[in-house]
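>>> take a look and give me a structure for this.
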Amino acid sequence: MRMSPRPVLALLTVSLILAGARADVARAQAQGQSQTPPGLPTEITQVRFNSGQSIVPYYEGWIRNQDGTFDLVFGYFNRNFKEELAIPAGPNNKVEPGNADQGQPTYFLPRRQRFLFRVRVPANFGKGIVTWTVTANGKTEKAFGDLIAPEEITERVVATNGNFDPGLDDPNTPPKVTLTPVTTATTSAPLSLVVSVTDDGLPKPRAAPRPAAPPPPPTPGQPNFGAQVNSSGGGRPTGLRISWLEYRGPGKVTFEPAGQTQIANGQGTVTARFSAPGDYVLIGSTTDGQISTKVRVNVTVTGGSTAGGQ
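Numbering: from 1, shown residues only. Alright, predicted model coming up:
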């Protein structure tokens, strides 16, 4: 019985294809090449940009006021890890509808800054939309604020920096903060920012962590690989503390000490240095570890520019 030529040709074709594939794999292995198809990445790396990126306005949500009006709350995300930008209210930093300047930030610190800015709208705002537009490094970003039900938040959400626990059974209350009045400053000398703070003592400070036990001595005749130690350093700071940020200003403000400062004997003192004259707005945030209270200070700075200005 004679075999049809078609099955023979099909088998021959499959054999040639398999042989070609094996040859390609062997060639790639011999040359040390990856078998990943061209154009597809073998690894996606985390890219960090110190500068040149955009600033993204964020709509955090809306708060219902007792008089029937609403506050639309915004923050921002500066995509840069180091670059700080001063963008005055106007074409590149505007709120619509209405006046372009509605009190939004004009100085943008790196990374995420939450619950900074509010726009109050009337009780009959309905399906209206407030748009905050920021153009930085040639890139334009927008945030749209409206009264969609899932976006409703409370003052406690703001005070806890995004904790949505309503705290109905929590007796803890925010710290009470009084700022020593400040109106003017100069670029040639640091300005002292002094706050007086009282609090209910909650939450109670955590006990200092006990030092880790020393590792056991090595067993004679056995390899000693040590022991695993789980630690995140010295732990979070406890008690009342305050941190400051620049909200508005034509130049950079440097705070000393930087970061969070411990409240001692009911007072917290920080000095601020201004790189350029002009009108500034600074915000101090005092926290007991759970709830914070913000204070705002307007400062008019006189004098010439100093080193490090932008």
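>>> for the residue lying closest to T178 once chain neighbours are set aside, list each beta-bridge partner.
Using C-beta to C-beta, 6 or more residues apart in numbering and skipping residues adjacent in sequence, the residue nearest T178 is S196, 4.6 Å away. Using the backbone N, CA and C atoms, a C-beta is placed for each residue, glycine as well. Going by DSSP bridges, S196 is paired in beta bridges with T178, Q267.
>>> count of neighbours near the residue lying closest to E84 once chain neighbours are set aside?
Computed as C-beta to C-beta, 6+ apart, the closest residue to E84 that is not its neighbour in sequence is L109, at 5.7 Å. Number of residues near L109 (other C-beta atoms under 10 Å) recorded here: 17.
>>> now do F117
Look at F117: counted by other C-beta under 10 Å, it has 21 neighbours.
>>> helix/strand/coil for it?
Following DSSP: H, G, I helix; E, B strand; the rest coil, the label given to F117 is strand.
>>> taking the centroid of this structure, which residue is nearest it?
Nearest to the geometric centre of the chain sits R112, at 1.9 Å (C-alpha atoms, centre = their mean).
>>> give me the distance between it and P57.
Using C-beta to C-beta, to the nearest Å, we find R112 at a distance of 12 Å from P57.
>>> need the overlap of contacts for these two.
Common neighbours of R112 and P57, counting by C-beta atoms under 8 Å, 6 or more residues apart in numbering, are 75-76.
>>> who's in contact with the residue lying closest to Q53 once chain neighbours are set aside?
Leaving out its chain neighbours, the residue that sits closest to Q53 by C-beta to C-beta, 6+ apart is R79, at 3.6 Å. For R79, the contact set (C-beta under 8 Å, 6+ apart) comprises 49, 53-56.
>>> and these as JSON lines, adding distance to K204, neighbour count and secondary structure?
Formatted as JSON lines, those follow (distance: C-beta to C-beta, whole Å; neighbours: other C-beta atoms under 10 Å; DSSP: H, G, I helix; E, B strand; the rest coil):
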{"residue": "F49", "distance to K204": "42", "neighbour count": "13", "secondary structure": "coil"}
{"residue": "Q53", "distance to K204": "42", "neighbour count": "18", "secondary structure": "coil"}
{"residue": "S54", "distance to K204": "43", "neighbour count": "17", "secondary structure": "coil"}
{"residue": "I55", "distance to K204": "39", "neighbour count": "23", "secondary structure": "strand"}
{"residue": "V56", "distance to K204": "38", "neighbour count": "17", "secondary structure": "strand"}
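>>> which one of those residues is nearest G251?
Distance to G251 across the contacts of R79 (C-beta to C-beta) is lowest for I55, with 17.6 Å.
>>> related to what we said a few turns ago, which residues touch the residue nearest to T178?
Contacts of S196 by C-beta under 8 Å, 6+ apart are 177-178, 180, 266-267.
>>> cool, A86 as well?
Counting by C-beta under 8 Å, 6+ apart, A86 touches 106-108, 249-251, 310.
>>> just for the stretch 51-200 of the chain, where's the confidence low?
Within the stretch 51-200 of the chain, no range satisfies pLDDT under 70.
>>> now do the helices in it.
155-159 (DSSP state H, counting those that start in this stretch).
>>> how about the strands in it?
55-64, 70-78, 85-86, 93-96, 107-108, 111-121, 130-136, 139-145, 176-179, 184-186, 191-198 (DSSP state E, counting those that start in this stretch).
>>> may I see those organised as TSV, with distance to I291 added?
Shown next, in TSV, are the strands of the stretch 51-200 of the chain (distance: least, C-beta to C-beta, whole Å):
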stretch	distance to I291
strand 55-64	16
strand 70-78	17
strand 85-86	30
strand 93-96	28
strand 107-108	26
strand 111-121	13
strand 130-136	26
strand 139-145	24
strand 176-179	11
strand 184-186	30
strand 191-198	13
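>>> hang on, the earlier thing: just flag the most distant two among the contacts of R79.
Spanning the widest gap among the contacts of R79 are F49 and V56, at 13.2 Å by C-beta to C-beta.
>>> on that earlier part again, how close does the residue nearest to the centre of the chain sit to K82?
Distance, R112 to K82, by C-beta to C-beta: 15 Å.
>>> stretch 140-159: end-to-end distance?
Taking C-alpha to C-alpha, to the nearest Å as the measure, stretch 140-159 stretches 30 Å from start to finish.
>>> in that stretch, what's buried?
141, 143, 145-147, 153, 156-159 (16 or more other C-beta atoms under 10 Å).
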